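[1] A structural model of the following input is requested.
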Amino acid sequence: MAGEGRTGEVDVLAEGVQLRFRRRWPVPVADVWAALTEPDRLVRWIGTYDGLREPGGAGTFTMTHEDTPVGEPMRVVACAAPVRLVVEWDTEGGWRVELDLDQEGDEAVLLFTQLFAPGTDVVDFALGWHWYLDKLDAEVIGGPVPPAWDDFLVEVGPAYGRG
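    Residues are numbered from 1 along each chain as shown. This is a model prediction of the structure:
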C-alpha cells in the first residue's frame, strides 16, 4: 500500500535540520517519475512549473493548491530520469528539495529530503509536505486525496505535536 512511516523524520545535523519522508507504492519507478515531472500529472497533486526541465533550467513554480497560489522562481539542480530530481526555489530561507527514486522489487520508493537552516522549527513544513505527499499518493495509485487542510490538520497534526 501507499506510504511507509507516513510522518516525516527530522534529524538535527551539523549543517542544519533535515526533514525526510519515505513513501512507497506498488508501481514501477517510471510511474512515480511521471507524477513528479509531467505537467498534466504534477498539477493534480502540487502545482505547475513553467520553465526549462533540465539541469540548470530555471522557471516559475506555483503550488496551486495553496490558499493564495504564488509563482516563485525555481531552478532544476539535477535531473536524472527516472531516479533523481533536485530543485531549488526562492522562498523563505531558500529551499532545496531532493527527490530520489528506487525500485525495490515490485515497489517504487521515493526518498524526499529537505535541509533547513540550523535551529529551524520544521513542524509546519513537515505537515505541509506530508499533505502534499498524500496528494502524490493519490496521484500515483489512484487512491483518495487527503482531506482539506483544516480537516487534515485535525487528523494528522497530533502526530507532529500540532492540532
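
[2] Now do the buried residues in the top helix by length along the chain.
    Ranked by residue count under DSSP state H, the longest helix found in the chain is helix 123-141. In terms of neighbour count (16 or more other C-beta atoms under 10 Å), helix 123-141 has its buried residues at 125-141. Yep, even glycine has a C-beta here, placed from its N, CA and C like the rest.

[3] likewise stretch 97-113?
    For stretch 97-113, by 16+ other C-beta under 10 Å, it's 97-101, 107-110, 112-113.

[4] Return the angle between stretch directions for the helix or strand where Val154 lies and helix 123-141.
    Using DSSP states H and E, Val154 falls within helix 149-156. Computed by axes from the mean of the first three to the mean of the last three C-alpha atoms, to 10 degrees, the angle separating helix 149-156 from helix 123-141 equals 100 degrees.

[5] Work out the gap between helix 149-156 and the centre of the chain.
    Centroid separation between helix 149-156 and its chain, computed with C-alpha atoms, centre = their mean, to the nearest Å, is 18 Å.

[6] Packing partners of that helix?
    helix 123-141 (3 or more C-beta pairs under 8 Å, 6 or more residues apart in numbering; DSSP states H and E).

[7] now for the helix it packs on, which elements pack on it?
    Helix 123-141 packs on strand 16-25, helix 29-37, helix 39-45, strand 107-116, helix 149-156, going by 3+ C-beta pairs under 8 Å, 6+ apart.
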